[in-house]
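missing the sequence, but the structure's below:
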């Protein structure tokens, strides 16, 4: 599951980086606002890209994906809260923004559960006799 979560994050980060104005518009921001904050939208894409690359490297290599998954889960939880608040304040609107809130919350919970499972697996592997 760690591989799937980090791969989806990488794909989303790429899409946001390539089309920051469209990404903000899909959340319900007007064109002028989306253009003004495209730099901020790209910063979000870089954050998600870094979490994805770190997580993918850990999944594929000798490291643990747990810290990367925890960081991603925290990021997704904050995204859900911030977008929900923006919806309540009328700063963003529309079906996509409304759908992002529960999707981000589910991603946060999935990431936290996966991080916990990875940490447990790593702990069990470390306790096995005869392994270095």
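Great, that's in hand. Here the structure is a predicted model, which is why all the values come from computation and not from measurement.

now the helices for the protein?
Secondary structure of the chain, counting by DSSP state H: helices at 2-18, 20-26, 31-36, 38-60, 66-89, 95-127.

Show me which positions of the third one end up buried.
Buried residues in helix 31-36, counting neighbours by 16 or more other Cβ atoms under 10 Å, are found at residue 34. Placement of C-beta: from N, CA and C, glycine included.

Also the first one?
Counting neighbours by 16+ other Cβ under 10 Å, one finds that the buried residues in helix 2-18 are 2, 5, 6, 9, 10, 12, 13, 16, 17.

and it, what other elements does it pack with?
Packed against helix 2-18 by the contact rule (3 or more Cβ pairs under 8 Å, 6 or more residues apart in numbering; DSSP states H and E) you find helix 38-60, helix 66-89, helix 95-127.

angle of it against helix 66-89?
50 degrees (axes from the mean of the first three to the mean of the last three Cα atoms, to 10 degrees).

and helix 2-18, how far from the chain's centre?
The chain centroid and the centroid of helix 2-18 are separated by 8 Å under Cα atoms, centre = their mean, to the nearest Å.

again with the third one
Relative to its parent chain, helix 31-36 has a centroid offset of 23 Å by Cα atoms, centre = their mean.

Same question for the longest one.
Chain-centre distance of helix 95-127: 10 Å, with Cα atoms, centre = their mean.

Over to the second one?
Its chain's C-alpha centre and that of helix 20-26 lie 17 Å apart, by Cα atoms, centre = their mean.

quick one on the thing from earlier: got TSV for the helices of the chain, with mean pLDDT too?
Output for those, formatted as TSV (pLDDT from 0 to 100):
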stretch	mean pLDDT
helix 2-18	96
helix 20-26	96
helix 31-36	96
helix 38-60	96
helix 66-89	96
helix 95-127	93
